[in-house]
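S.K.: Generate coordinates for the sequence data below:
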Amino acid sequence: MPNVISLQQLKQLTDAHVRIIDIRQSAVYKRNIWFETENIPYEKLLLHPDYYICPHETIYLICEFGSDSLRAARILEMQGYDVISVRQGYSGLTSCCQCRRGWK
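M.R.: Numbers count the residues shown, from 1 in each chain. Down below sits the predicted model:
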């Protein structure tokens, strides 16, 4: 089971220059970029993970609701990658007011 963190915990880590990958489709990502992430859509990341990430690099995955990032994290973890999923994804911004103020 992959590690999972909250948006609040992720906010605390962004000052440490962690690598956050937004796995939403590119068109959705471009309409709604909340904070510094790189966009690698779910399908591309899972088809060619070795092209996008290194096995010994910790990456944080975020999506709209947290389910796709958790699913991707499970798959990538089974392949030997160090992946952490963001619980509730961007939908968690509505319940995390402090994060919303800091990232919007």
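S.K.: Count the neighbours of residue 82 for me.
M.R.: Other residues within reach of residue 82, judged by other C-beta atoms under 10 Å, total 16. To be clear about C-beta, it is placed using only N, CA and C from the backbone, and glycine gets the same treatment.
S.K.: ok, it touching residue 59?
M.R.: Yes. Taking contact to mean C-beta atoms under 8 Å, the distance of 7.1 Å between residue 82 and residue 59 places them in contact.
S.K.: Helices of the chain, start to end?
M.R.: With helices called from DSSP state H, the chain shows them at 7-13, 26-31, 42-47, 49-52, 67-78, 97-103.
S.K.: Tell me where the model's unsure across this protein.
M.R.: The model of the chain has pLDDT under 70 over residues 14-15, 33-35, 94-104.
S.K.: wait, what's in contact with the closest residue to residue 70 other than its chain neighbours?
M.R.: Take residue 70 and drop its neighbours on the chain: the residue closest to it by C-beta to C-beta, 6 or more residues apart in numbering is residue 85, 4.5 Å away. Taking C-beta atoms under 8 Å, 6 or more residues apart in numbering, we find residue 85 in contact with 2, 3, 4, 5, 60, 61, 62, 66, 69, 70, 72, 73.
S.K.: at 10 Å what do you get?
M.R.: 1-5, 23, 60-63, 66-74, 76-77 (C-beta atoms under 10 Å, 6 or more residues apart in numbering).
S.K.: Specify the beta-bridge partners of it.
M.R.: Residues in a beta bridge with residue 85, per DSSP bridges, are residue 4, residue 61.
S.K.: And for the residue nearest to residue 90 when sequence neighbours are not counted, the neighbour number?
M.R.: Excluding the flanking residues, the one nearest residue 90 by C-beta to C-beta, 6+ apart is residue 64, at 5.5 Å. Here the number of neighbours of residue 64 (other C-beta under 10 Å) works out to 17.
S.K.: Touching, residue 64 and residue 31? I think so.
M.R.: No. Under the contact definition of C-beta atoms under 10 Å, residue 64 does not touch residue 31, with a separation of 11.6 Å.
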